[in-house]
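**Student:** curious how this folds, go ahead:
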Amino acid sequence: MNIAQKSWLLHGCWAAAVVVAFGWGSRRRGEAPSADAGLALTDKTGLARAPFRQDGPLARKPDGRPGDRRPGALAGLFGEVNPSGSDLSALIQQALRHRNPIARRLAFSRLLESLTPSNAGAVREQLVALGADPDQWRDFHYSWGALDGKAAFANAAKSPEADLAATMAGWAAANPKEAQSLLDNLPEELRAQRDQLTSSVVTGLSHNNSAVATEYVLRLGREGNDKAGPLMEIVANETLRQHGTEAATRWAESLADGPLKGNAMAQVAEAYVRTDPEAAARWSERFADKEYASKTIGQVGSRWAASDPIAAVGWLESLPASTGQKEGLSSAFGDWEDRDPAAAGDYLFAMPKSPQRDSAISGFATGYAWQDPMTAIAWAQDIGDPALRESSMTRVGQAFYRRDPNGAAAWLAESGLPGEVQQRILTERRR
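**Tutor:** A predicted model of the protein is given here:
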């Protein structure tokens, strides 16, 4: 595998990323907080920073040595796991070869507790030889990156396995300044992977401190990095996980108005509306007239419509006209037609002709084309806005062709659609 193939995107999977790396706070150099700090730190956005743990799975005695571990109930069911610091080879065998998945997890957790800068390389060799699964592989390299970022990075940069992204995330979580400095001065052979590695660093920074991660992404945005939006979504997801919805809404609101604030708000809204759609609607409607919040409004409306389409559509109609309102109506009816097309159609009939109704019909027709193309075409033809009508007819025709090529061909020949529209439909069919 060449270097360009080593990128490993982590975005979604870090919601459950290894927290043991934070247990090593006392080993960090430079900016790391003291391991005996008992209180959570607070960043300037008002969010509590996760304290470095002192009460991990293996308790420490006052002199820093591992304490005694009492056997758990699972040990009697699946067999005792070798203690941390014992024969690492036996522990690795248990972690990768034990017949029971719970015992494997317990053993792997003990293995991570036993990692040191001096033994990590040898442990990695055995993980390669025995075939660690993807989660173990990711967590090991995250942990090695946290323990000894420079050595772990040097190994990952030249190895054929996919380990560089996890290493960078762990390094950034434990030593933000070093990881950022390395990213700003990437070796020539890794510069093609800058975007992927930046994502990993932002992930790690988010595990360490939401404020630091936020400021870093904002800096990238100011520098014109076109990936800053998705990177802000990474920070939003981690802020939600660590601090909950209410704190995440405050964090998103604290950002300066603009596209990055919109990315953050939309990500928070997606989580908020799943738990309390009415509260999410009350929060997001305060920004309904802001262009940067259009995705947020659309997100809330479409997600809410999945459980209560009448309430969601009514809320969307009550908002000021905006891009978000139109996108929300289109998405809401695109979902509603799939579950109850008769009710959605009745609602459309009752709506007065307006740009909002056009958006609703567009979403309905595009989705309904998979069930009843000719009915969907009739609805799309009722759209008042010429440009939206044309784009909707194009999407309906493309869906029709995928569903029934012969029927679609017969319809298209008699449709009277402009030649360029017919060509777009046929191009999609060939694709």
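**Student:** can you list the weak-confidence ranges in this protein?
**Tutor:** 1-86, 428-431 (pLDDT under 70).
**Student:** mind giving me the domain split of it?
**Tutor:** If you go by automatic domain parsing, the domain ranges for the chain are 1-59+96-192, 376-431.
**Student:** what residues does stretch 246-264 touch?
**Tutor:** 45-47, 210, 214, 217-218, 221, 228-230, 232-233, 235-236, 239-240, 243, 265, 268, 271-272, 283, 290, 292-296 (Cβ atoms under 8 Å, 6 or more residues apart in numbering). Every residue, glycine included, has its C-beta placed from N, CA and C.
**Student:** for it, output the C-alpha coordinates as CSV.
**Tutor:** These are the backbone C-alpha positions of stretch 246-264, laid out as CSV (Å, rounded to 0.1, in the frame of the first residue of the first chain):
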residue,chain,number,x,y,z
GLU,A,246,-28.2,22.5,25.7
ALA,A,247,-24.5,23.3,26.1
ALA,A,248,-23.9,22.5,22.4
THR,A,249,-26.6,25.0,21.4
ARG,A,250,-24.9,27.7,23.5
TRP,A,251,-21.6,26.8,21.9
ALA,A,252,-23.0,27.0,18.4
GLU,A,253,-24.7,30.4,19.2
SER,A,254,-21.4,31.8,20.5
LEU,A,255,-19.7,31.5,17.1
ALA,A,256,-19.5,34.5,14.8
ASP,A,257,-22.3,34.7,12.2
GLY,A,258,-21.4,33.0,9.0
PRO,A,259,-21.1,29.6,7.2
LEU,A,260,-19.1,27.9,10.0
LYS,A,261,-21.7,28.8,12.5
GLY,A,262,-24.3,27.4,10.1
ASN,A,263,-22.4,24.1,9.9
ALA,A,264,-22.2,23.9,13.7
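**Student:** buried set for it?
**Tutor:** Of the residues in stretch 246-264, those buried by neighbour count under the rule 16 or more other Cβ atoms under 10 Å are 247, 248, 249, 251, 252, 255, 260, 261, 262, 263, 264.
**Student:** can you flag which of those residues belong to helices?
**Tutor:** In this view, the buried residues of stretch 246-264 that belong to helices under DSSP state H are 247, 248, 249, 251, 252, 260, 261, 262, 263, 264.
**Student:** give the closest residue to the last one in space, chain neighbours not counted.
**Tutor:** Excluding its sequence neighbours, the residue lying closest to residue 264 (Cβ to Cβ, 6 or more residues apart in numbering) is residue 252, at 4.3 Å.
**Student:** where's the one you found relative to residue 325, distance?
**Tutor:** Per Cβ to Cβ, to the nearest Å, residue 252 is found 20 Å from residue 325.
**Student:** all strands for the protein, in order.
**Tutor:** Counting by DSSP state E, the chain has strands at residues 41-42, 48-49.
**Student:** how about the closest residue to residue 277 other than its chain neighbours, what does it touch?
**Tutor:** Setting aside the residues directly before and after it, residue 277 is nearest to residue 304 in space (Cβ to Cβ, 6+ apart), at 4.0 Å. Residue 304 is in contact with 273, 277, 280, 281, 311, 312, 315, 332, counting by Cβ under 8 Å, 6+ apart.
**Student:** isn't the last one up against residue 317?
**Tutor:** What it means is residue 332. No - the pair residue 332 / residue 317 is not scored as a contact, 10.2 Å apart, by Cβ atoms under 8 Å.
**Student:** compare the two (neighbour count), which wins?
**Tutor:** The neighbour count for residue 332 versus residue 317, taken as other Cβ atoms under 10 Å, is higher for residue 332 (30 against 16).
**Student:** and the gap between the more buried one and residue 94?
**Tutor:** For residue 332, the distance to residue 94 - Cβ to Cβ - is 52 Å.
**Student:** swap in residue 348?
**Tutor:** From residue 348 to residue 94 the distance is 61 Å (Cβ to Cβ).
**Student:** can you check residue 268 too?
**Tutor:** From residue 268 over to residue 94 (counting by Cβ to Cβ), the distance is 41 Å.
**Student:** ok, residue 140 - contacts?
**Tutor:** Residue 140 sits in contact with 112, 115, 123, 124, 127, 132, 166, where contact means Cβ under 8 Å, 6+ apart.
**Student:** try it again with 7 Å
**Tutor:** Residues counted as contacts of residue 140 (Cβ atoms under 7 Å, 6 or more residues apart in numbering) are 124, 127, 132.
**Student:** what does residue 369 give?
**Tutor:** With Cβ under 7 Å, 6+ apart, residue 369 has these contacts: 376, 396, 399, 400.
**Student:** PyMOL command for the buried members of those residues?
**Tutor:** Selecting only the buried entries of these in PyMOL, with 16+ other Cβ under 10 Å as the criterion:
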select buried, resi 376+396+399+400
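**Student:** using TSV, please lay out the contacts of residue 369 together with distance to residue 365.
**Tutor:** Listed next are the contacts of residue 369 as TSV, based on distance: Cβ to Cβ, whole Å:
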residue	distance to residue 365
376	4
396	5
399	9
400	11
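**Student:** closest to residue 197 among the contacts of residue 369?
**Tutor:** Closest approach to residue 197 among the contacts of residue 369 (Cβ to Cβ): residue 399, at 39.0 Å.
**Student:** gap between that closest one and residue 373?
**Tutor:** 7 Å.
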